[in-house]
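Asks: Need coordinates for the below:
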Amino acid sequence: MTKADIVNEIASKTGIEKMEVQTVVEAFMKSLKQSVTTGENVYLRGFGSFIVKRRAEKTGRNISKNTAVIIPAHNIPAFKPAKTFVEKVKNAPIK
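Replies: Below you'll find the predicted structure:
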């Protein structure tokens, strides 16, 4: 499912124009990205959490040159689904 599919589905279920729904979806995504970028976690009850995880510094390998490379510590975005959401997916029939 793409963002356009989501916009179309919300528009058909609510009767709101597609352009208005697209504006709301874009604003939601922008707000979500802004919060996670600043290190703030976003919690959506019954759906899940968008959190910031810290990756520790580690040593990697450049296989083409066969040398060790230090990968610095950095933050990554992560999604942790809510238990109710996980249960729905587990019990859903596969198409």
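
Asks: If you count contacts, what does whatever helix or strand residue 69 lives in end up packed against?
Replies: Applying DSSP states H and E as the criterion places residue 69 in strand 67-71. Counting contacts by 3 or more C-beta pairs under 8 Å, 6 or more residues apart in numbering; DSSP states H and E, strand 67-71 packs against strand 58-62. No exception for glycine: its C-beta is placed from N, CA and C like everyone else's.

Asks: Just the C-alphas of the strand it packs on, formatted as PDB.
Replies: C-alpha atoms of strand 58-62 as PDB (Å, rounded to 0.1, in the frame of the first residue of the first chain):
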ATOM      1  CA  LYS A  58      31.600  -0.700  16.100                       C
ATOM      2  CA  THR A  59      34.300  -2.000  13.800                       C
ATOM      3  CA  GLY A  60      33.300  -3.000  10.300                       C
ATOM      4  CA  ARG A  61      35.300  -4.300   7.300                       C
ATOM      5  CA  ASN A  62      35.800  -2.900   3.900                       C
END
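
Asks: Each with direction, which strands does that strand pair with?
Replies: strand 67-71 (antiparallel) (DSSP bridges).

Asks: Partner strands of the helix or strand that the strand it pairs with is followed by and their direction?
Replies: On the C-terminal side of strand 67-71, the nearest following helix or strand under DSSP H and E is strand 74-81. Here strand 74-81 is paired, per DSSP bridges, with strand 48-55 (antiparallel).
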